[in-house]
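Engineer: Predicted structure and sequence below. I'll ask about it afterward.
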Amino acid sequence: MPAYTPEEIHALIAAAFNDGDLEAFLDLHEEHAVSVIPPEGRHAVGRTEIGAALAPIFARRVRVAIEVASKLESDGLALTHAQVRVAEPGGESWDAVGRGTVVSRRQSDGTWLIVLDNPMSPP
């Protein structure tokens, strides 16, 4: 499912994690997107590398909740910040809370794709 607004990207990221659907997550990215990979913070470039780096996290079937905090948009680019909460499967409480930052770009068909993704942005 494509994102029709920059904010919708965050809801679709959460849905992909919660469904264990790595392909849906990767479909939210431009081909040469760059992502910061938790917990080490290393960079992965391109859908293939991002997928390989995140496969172990998706395999754990973590639960994710994301709430968009702010958006800055101009000329087909958007910068969004969100509060991100992550819990292990069956966990009663959130194991990690952080701030996610996404730069997305409007595509020619009006949908939005991630260009840069940092789920480990400083507060």
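Structural biologist: Cool, the structure landed.
Engineer: Name the residues that touch the helix or strand bottoming out on mean pLDDT in the chain?
Structural biologist: Least confident helix or strand of the chain, by mean pLDDT, DSSP states H and E, is strand 96-106 with a mean of 91. Strand 96-106 is contacted by residues 3, 6, 9-10, 30, 66, 69, 76-86, 112-123 when judged by C-beta atoms under 8 Å, 6 or more residues apart in numbering. Yep, even glycine has a C-beta here, placed from its N, CA and C like the rest.
Engineer: go again using 7 Å as the cut-off
Structural biologist: 6, 9, 30, 66, 76-86, 112-121, 123 (C-beta atoms under 7 Å, 6 or more residues apart in numbering).
Engineer: what ranges do the strands span in the chain?
Structural biologist: 29-37, 42-45, 63-74, 77-87, 96-106, 112-121 (DSSP state E).
Engineer: can you list the ones you listed in CSV and add mean neighbour count and distance to G51?
Structural biologist: Listed next are the strands of the chain as CSV, based on neighbours: other C-beta atoms under 10 Å; distance: least, C-beta to C-beta, whole Å:
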stretch, mean neighbour count, distance to G51
strand 29-37, 18, 9
strand 42-45, 14, 8
strand 63-74, 15, 17
strand 77-87, 19, 19
strand 96-106, 19, 17
strand 112-121, 20, 13
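Engineer: do you know which of those strands lies nearest A15?
Structural biologist: Nearest to A15, of all those, is strand 63-74, at 8.8 Å by C-beta to C-beta.
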